[in-house]
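Provide a 3D model corresponding to the input given below.
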Amino acid sequence: MRRLSVGAFAMLLAAIAGSQIGFGQQKVEMMPGGFGIPVAPRGLWGKKLPEKPVEFDTAEGQRIRVVAVTKALSFPWTVAFLPDGNMLVTERAGRLRIIKGGVLDPKPIAGVPAARNIGISGEPGAVHGFMDVILHPQFAQNRFVYICYTKPIDDKRQTTAIARGKWDGSALTETKDVFVGDEGIGTARIAFGRDGMLYMTTSAAAGNSSQDPNSQSGKVLRLKDDGSVPSDNPFVGKAGYKPEIYTLGHRSSLGLAMHPGTGQMWQNENGPNGGDEINILKPGLNYGWPTVSYGRTYAGPWQNERPGHAGFEPPIVYWVPAIAVSGMAFYTGDRFPKWKGDVFVGSLRTGEIPGTGHLERILFNEKMEELRRESLLVELRQRIRDVKQGPDGLLYLTTDMEEGAVLRIEPAS
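You can find the predicted model right below:
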């Protein structure tokens, strides 16, 4: 057998490499419509939840069990815990449901606002219809429930609104809109802060709307509990600024929660192909989108020539590639002692691949500097829309699936 000289072997390797560079890359199929988004592969998509509870080992040595509270929902968004232990659940199609004693009531709750369902898709998931549902901080006294939803303007146009109703134990009464956004604002989360104010995220419309101070798109808004504007908002009285704006420069915000120690509002948002973020909200600051980002566009090029946040408020956590962050909770309970103080976020899919959603855990040090992350429940291959801590100290998740579920995470022993 003839041996190649070192020089000939090097030339052969170069020829192979050259052929791979010239001809090895596949042509990526793009979604129709000119949106510049590649068609996602489906090889991991479509797995159903197991029929029985499943146990998993975790990095901190806490073995957990995942139990389906109910699997009879369609694209559930979030849960809110009533004082009696029952749970309110929103479904994207515009239904409010209740889980009583661990059993889903087959009949939707009456008295809710009429939402627009803009067609339900599985991957990528649409964001519309009923989104958040939260209780007023003084719910025990006033019985107020708030629903964030897609409100029709006419046959073709819509916006996002916040409705408030009184819970009478079985239905909402006296329901009315306390805030109606400008035309076209979409994705939204709502949460009350320690200051008693109602915070609302809005998604970015096309172009540079996130940077436009006279647009509600791509912002976090700060409202009173009746939907009016607080007099101490950062841009009240400033010409050219919407007075309800608290922060600007956001993309698509799907997580909003108050830090239990500092009282600061934390928000997470989706980048494009990379650049998902967790931000600590500070009044009047600009978080950069679309001028700066750590992400790539869906077609491949970087969003900016030099990815980063120079000149703008940087995130406390970011993801490259994107995990499609959705929902967020601070764990303060005692059932998982090694997770106390950690932040949990839902993931709808990782790296633009359907069937890779999971729950992500982030550990910080005393200075709120990130130390490590853990991906949980990857094997379930579900789109995790939201994560909440229940009054029992356990974690509850919703899955953004046509056969959707509320899951409970509990210690395995």
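
next one: Glu244 from His128, what distance?
As judged by CB to CB, to the nearest Å, Glu244 and His128 stand 21 Å apart. Just so you know, the C-beta spots here come from the backbone N, C-alpha and C atoms, and that holds for glycine as well.

how far does stretch 348-361 stretch from start to finish?
This stretch, stretch 348-361, spans 14 Å end to end (CA to CA, to the nearest Å).

please disregard the earlier target; I meant stretch 96-110.
Using CA to CA, one end of stretch 96-110 lies 8 Å from the other.

do you have the strands of the stretch 251-400 of the chain handy? List them.
Along the stretch 251-400 of the chain, counting by DSSP state E, counting those that start in this stretch, strands occupy 252-258, 265-270, 276-280, 317-319, 325-330, 343-347, 358-364, 370-376, 384-389, 395-399.

now those strands in CSV, with mean pLDDT and distance to Arg222?
Conversion of the strands of the stretch 251-400 of the chain to CSV gives the following (pLDDT from 0 to 100; distance: least, CB to CB, whole Å):
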stretch, mean pLDDT, distance to Arg222
strand 252-258, 96, 12
strand 265-270, 97, 9
strand 276-280, 98, 15
strand 317-319, 96, 23
strand 325-330, 98, 18
strand 343-347, 98, 22
strand 358-364, 97, 25
strand 370-376, 97, 27
strand 384-389, 98, 22
strand 395-399, 98, 26
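
would you check that Thr202 makes contact with Ser215?
No - using CB atoms under 8 Å, Thr202 makes no contact with Ser215, being 9.0 Å away.

out of these two, which sits in the busier spot?
Set Thr202 next to Ser215 and count neighbours by other CB atoms under 10 Å: Thr202 wins out with 30 against 21.

ok, then the element right after the helix or strand bottoming out on mean pLDDT in the chain?
Ranked by mean pLDDT, DSSP states H and E, the weakest helix or strand in the chain is helix 6-23, scoring a mean of 51. Following helix 6-23 in sequence order, the next helix or strand is strand 54-56 (DSSP states H and E).

which positions within that next one qualify as buried?
By neighbour count with 16 or more other CB atoms under 10 Å, strand 54-56 contains the buried residues Val54, Phe56.

which residues touch Leu407?
Residues in contact with Leu407, defined by CB atoms under 8 Å, 6 or more residues apart in numbering, are Leu49, Val66, Val67, Ala68, Val69, Tyr396, Leu397, Thr398, Thr399.

quick one: which of those is nearest Ala93?
Taking CB to CB as the measure, Ala93 lies nearest Thr398 of the contacts of Leu407, at 14.0 Å.

the closest one and Asp392, how far apart?
17 Å.

likewise Thr187?
Distance from Thr187 to Asp392, by CB to CB: 30 Å.

one more: Trp339?
Going from Trp339 to Asp392 by CB to CB gives 15 Å.

between those two, point out the one with more neighbours.
Neighbours were counted for Trp339 and for Asp392 using other CB under 10 Å; Trp339 has more, 21 against 13.

now do the contacts for the closest residue to that one other than its chain neighbours.
Beyond its immediate neighbours in the sequence, the residue positioned closest to Trp339 (CB to CB, 6 or more residues apart in numbering) is Tyr331, lying 5.0 Å away. By CB under 8 Å, 6+ apart, the residues touching Tyr331 are Trp339, Lys340, Gly341, Asp342, Val343, Phe344, Gln389, Leu395.
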